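Engineer: compute the structure for the input listed below.
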Amino acid sequence: MAELERPRPSAPGYVAEVPASAPPLEAPDEADAPSAPPAPVEQAPTAAAAPARRPTTLSAQERREASKPGELYSIIVASEHLESAFIRGSVSNQDYERECNLLLAQFKTLKTGLKDKCPDIRAFASEHGLHCPLAEERLLGTGVAATALFGGTAEGGKESLACFKASEGFITLLDAVKLNLTAADELLPLVRDLQASIVGIPNLPPLPGLERITGWLVTLNGMRASDQITEAQSRQLALDVEQAYTSLKNWLHEKT
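Structural biologist: The predicted model follows:
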């Protein structure tokens with residue numbers, strides 16, 4: 001019998017015969033299957049990174065200039081504590097006068113160095129929250145220790161020597177005014193020495209005219225070293241010194 005012709009694969013209804021010995025078809029392993037490339041992840045735009053700030057390096061001169069306001073702050077606070085301790089009697093007159101003169105010298109030196117950056121010391125204190133009325137009076141007012149204004153350091157039994165020193169102070173200051181010395185740095189030391197010699201006289205009553213010497217001490221202490229008193233102020237200073245000196249001489253004559 002002739003073999004029947006197998007239908008071609010293209011014939012409709014054709015089903016290919018699979019031999020019984022052929023292994024079953026397996027689905028490809030996911031690991032072996034080619035994977036599609038991952039979709040790119042969109043990232044939110046980030047701001048440009050700020051450049052790293054370089055540390056500021058100050059020179060030695062710049063460091064010294066930057067530390068001056070802090071030193072001024074500490075001098076004001078220390079003066080306020082010293083004045084409070086003197087009022088309470090917690091410090092002796094000698095210790096108070098020594099420390100006060102040291103703080104005054106430091107303040108005047110620093111004030112000159114800060115005259116451009118800090119011309120108003122009271123405004124500086126207010127800006128930094130300082131309430132130091134005693135220190136302001138001592139540093140910006142009289143400019144001398146309280147013991148040099150109101151006494152407290154003179155010893156008894158030395159009245160003659162104290163009066164002699166006061167007379168010298170009066171004469172020296174009068175000569176300076178007559179020689180037309182008008183600069184603050186020339187007159188202030190003479191007025192300060194005269195005031196110190198006056199309060200050094202034991203049991204000295206409040207004589208007329210002596211308070212004007214204290215007033216001139218405050219006026220000159222508030223001036224800069226290069227400032228000068230006017231001609232009218234010079235004449236008034238000479239008159240005030242003459243009147244105070246006359247009061248002292250009259251008191252001495254009454255005692256004898």
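Engineer: CA atoms for contacts and neighbours, from now on please.
Structural biologist: OK.
Engineer: please pull out the lowest mean pLDDT helix or strand from the chain.
Structural biologist: helix 147-150 (a mean of 75; mean pLDDT, DSSP states H and E).
Engineer: what is it packed up against?
Structural biologist: helix 184-199 (3 or more C-alpha pairs under 8 Å, 6 or more residues apart in numbering; DSSP states H and E).
Engineer: can you list the buried residues in the helix it packs on?
Structural biologist: By 16 or more other C-alpha atoms under 10 Å, the buried positions in helix 184-199 come out as 184-185, 187-188, 190-199.
Engineer: per-domain residue ranges of the protein.
Structural biologist: As recorded under automatic domain parsing, the domains making up the chain are 65-148, 156-255.
Engineer: now the last one, how far from the centre of its chain.
Structural biologist: For domain 156-255, the separation from the chain centroid amounts to 34 Å (computed by C-alpha atoms, centre = their mean, to the nearest Å).
Engineer: average pLDDT for it?
Structural biologist: The average pLDDT within domain 156-255 is 88.
Engineer: show me where pLDDT drops low in the stretch 1-150 of the chain?
Structural biologist: 1-62, 65, 150 (pLDDT under 70).
Engineer: which among the buried residues of helix 184-199 gets closest to residue 227?
Structural biologist: Of all those, residue 227 sits closest to residue 184, with 5.7 Å by C-alpha to C-alpha.
Engineer: what packs against the next helix or strand after the least confident helix or strand of the chain?
Structural biologist: The helix or strand immediately downstream of helix 147-150 is helix 159-178, counting by DSSP states H and E. Packing contacts for helix 159-178, counted by 3+ C-alpha pairs under 8 Å, 6+ apart, involve helix 184-199, helix 231-255.
Engineer: what lies in contact with helix 159-178?
Structural biologist: If you take C-alpha atoms under 8 Å, 6 or more residues apart in numbering as the criterion, helix 159-178 is touched by 187, 190-191, 193-194, 197-198, 200-202, 234, 237-238, 241-242, 245.
Engineer: restricting to C-alpha, output it in CSV.
Structural biologist: The C-alpha trace of helix 159-178 is given here as CSV (Å, rounded to 0.1, in the frame of the first residue of the first chain):
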residue,chain,number,x,y,z
GLU,A,159,48.6,119.9,108.6
SER,A,160,51.6,122.3,108.0
LEU,A,161,53.1,120.1,105.3
ALA,A,162,49.7,119.6,103.6
CYS,A,163,49.1,123.3,103.6
PHE,A,164,52.5,123.9,102.1
LYS,A,165,51.9,121.5,99.3
ALA,A,166,48.5,123.1,98.6
SER,A,167,50.1,126.5,98.4
GLU,A,168,52.7,125.1,95.9
GLY,A,169,49.9,123.7,93.8
PHE,A,170,48.0,127.0,93.7
ILE,A,171,51.1,129.0,92.7
THR,A,172,52.2,126.4,90.1
LEU,A,173,48.7,126.4,88.4
LEU,A,174,48.5,130.2,88.5
ASP,A,175,51.9,130.5,86.8
ALA,A,176,50.9,128.0,84.1
VAL,A,177,47.7,130.1,83.3
LYS,A,178,49.7,133.3,83.2
